[in-house]
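>>> Based on what follows, work out the 3D shape:
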Amino acid sequence: MRRELHDQLDRLIDARNAIEIERANALGSLITGFHVFEVTDAAAARKLYTEAIEFAGGLIGEAVRDAAIVRTYQDESEQRRLLQGWLTDLLPVLTAPPLSLLGAAPRRELTVFEVLNALSALGAGETQAIFAAKTGKNRRANRWSIAKAKLDALAWKQRLIALGHKEKAANYEITVAFGEQWDTIRRWRPQCEEILGKAHVEFHLAHAGSSRDFYMKRGGLFGFRRPDPLQSVRSAGDVYKYERSRSAELSKRKSRDLS
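Down below sits the predicted model:
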């Protein structure tokens, strides 16, 4: 394990150096104007960042994380307090130095401190713009929850196949659980990307069925038992059906309010 971590760290440092050289070259070629530097291959930078976070998780170990990260709460309002604590712990990796170039136009940058302040404001009864829900035509209160439930259906397709189910069998289990035809379900990804964001969808689907997936882990020394996958599929389907029903009720309520 120690050798593997050292090898992974060497690869991360090499990749970081390549991006730093690219940044230095880009800044050196910038002469004048109101241009702002961006890493040419931003996808490579994000990939490196994700791999570095995963490396940090492996370096720390599950036992340390379980002991250090608080996850339980008494009531709903305490969730914000927990989130504030997590963000504070992550400050070293979430805080980036301000980007400023001579002659560059000023730009608005989101920092983790703005998120922490907005969470604190929620606790005081004030909703700042960062957490204010968008309103308008066809924006029902649970639009995000429906999209998340649809994404779970797509993720379960990949997870069941990774667990050894045949494709047709996986499709069958999901259609029964969600109460929709597979021809309908398989078209849900563009909707999910529009509402949840493409990066969120890609991350969720990449995680499903991977070695990091909770359902792919084997039993440990103390008899670790993961939930029954098929029962979990049915539970995910129940969430989708509930959100569909809630959406219909919210739509009726909105129609009554407008009349």
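
>>> list the helices and strands the helix or strand hosting residue 52 packs on?
Residue 52 belongs to helix 42-60 when elements are defined using DSSP states H and E. Using 3 or more Cβ pairs under 8 Å, 6 or more residues apart in numbering; DSSP states H and E, the elements in contact with helix 42-60 are helix 2-29, helix 91-94. In this view, the C-beta of every residue, glycine as well, is placed from N, C-alpha and C.

>>> what does the domain assignment say about this structure?
Domain assignment for the chain, taken from automatic domain parsing, gives 1-68, 83-132, 143-258.

>>> got those domains as CSV, with mean pLDDT and distance to residue 77 columns?
Shown next, in CSV, are the domains of the chain (pLDDT from 0 to 100; distance: least, Cβ to Cβ, whole Å):
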stretch, mean pLDDT, distance to residue 77
domain 1-68, 75, 23
domain 83-132, 80, 7
domain 143-258, 89, 20
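
>>> what's near enough to touch residue 215?
By Cβ atoms under 8 Å, 6 or more residues apart in numbering, the contact set of residue 215 is 159, 163, 209, 226, 227, 229, 232.

>>> again, only this time at 7 Å
Residue 215 makes contacts with 159, 163, 226, 229, as judged by Cβ atoms under 7 Å, 6 or more residues apart in numbering.

>>> Out of those residues, who's the most crowded?
In terms of neighbours by other Cβ atoms under 10 Å, the contacts of residue 215 top out with residue 159 at 24 neighbours.

>>> That one is in what secondary structure piece?
Assigned by DSSP H and E, residue 159 falls in helix 143-162.

>>> Who are the packing partners of that helix?
helix 167-178, helix 189-196, helix 198-207, helix 229-258 (3 or more Cβ pairs under 7 Å, 6 or more residues apart in numbering; DSSP states H and E).

>>> contacts for it?
Contact partners of helix 143-162, identified using Cβ under 7 Å, 6+ apart, comprise 167, 170, 173-174, 178, 185, 188-189, 191-192, 195-196, 201, 204-205, 208-209, 213, 215-216, 229, 233, 236, 239-240, 243-244, 247.

>>> Can you tell me which of the residues you listed are buried?
Buried members of those, counted by 16 or more other Cβ atoms under 10 Å: 170, 173-174, 178, 185, 188-189, 192, 195-196, 201, 204-205, 208-209, 213, 215, 229, 233, 236, 239-240, 243-244, 247.

>>> For the nearest residue to residue 182 once chain neighbours are set aside, the count of nearby residues, please.
For residue 182, ignoring the flanking residues on the chain, the nearest one in space by Cβ to Cβ, 6 or more residues apart in numbering is residue 171 at 4.5 Å. Counted with other Cβ under 10 Å, residues neighbouring residue 171 total 19.

>>> thought residue 171 was touching residue 181?
No. Counting by Cβ atoms under 7 Å, residue 171 stays clear of residue 181, with 9.5 Å between them.

>>> Check the gap between the closest residue to residue 91 other than its chain neighbours and residue 130 for me.
Nearest non-adjacent residue to residue 91, counting by Cβ to Cβ, 6+ apart: residue 112, 6.2 Å away. Distance, residue 112 to residue 130, by Cβ to Cβ, to the nearest Å: 12 Å.

>>> between the two, who's got more neighbours?
Comparing residue 112 with residue 130 by other Cβ under 10 Å, the one with more neighbours is residue 112, at 15 against 12.

>>> mind listing what the nearest residue to residue 238 once chain neighbours are set aside touches?
Leaving aside its sequence neighbours, residue 238 sits nearest to residue 177 (Cβ to Cβ, 6+ apart; 7.7 Å). Contact partners of residue 177, counting by Cβ under 7 Å, 6+ apart, are 233, 234, 236, 237.

>>> Quick check: the farthest pair among those?
Greatest spacing in those, by Cβ to Cβ: 234 and 236 (7.3 Å).
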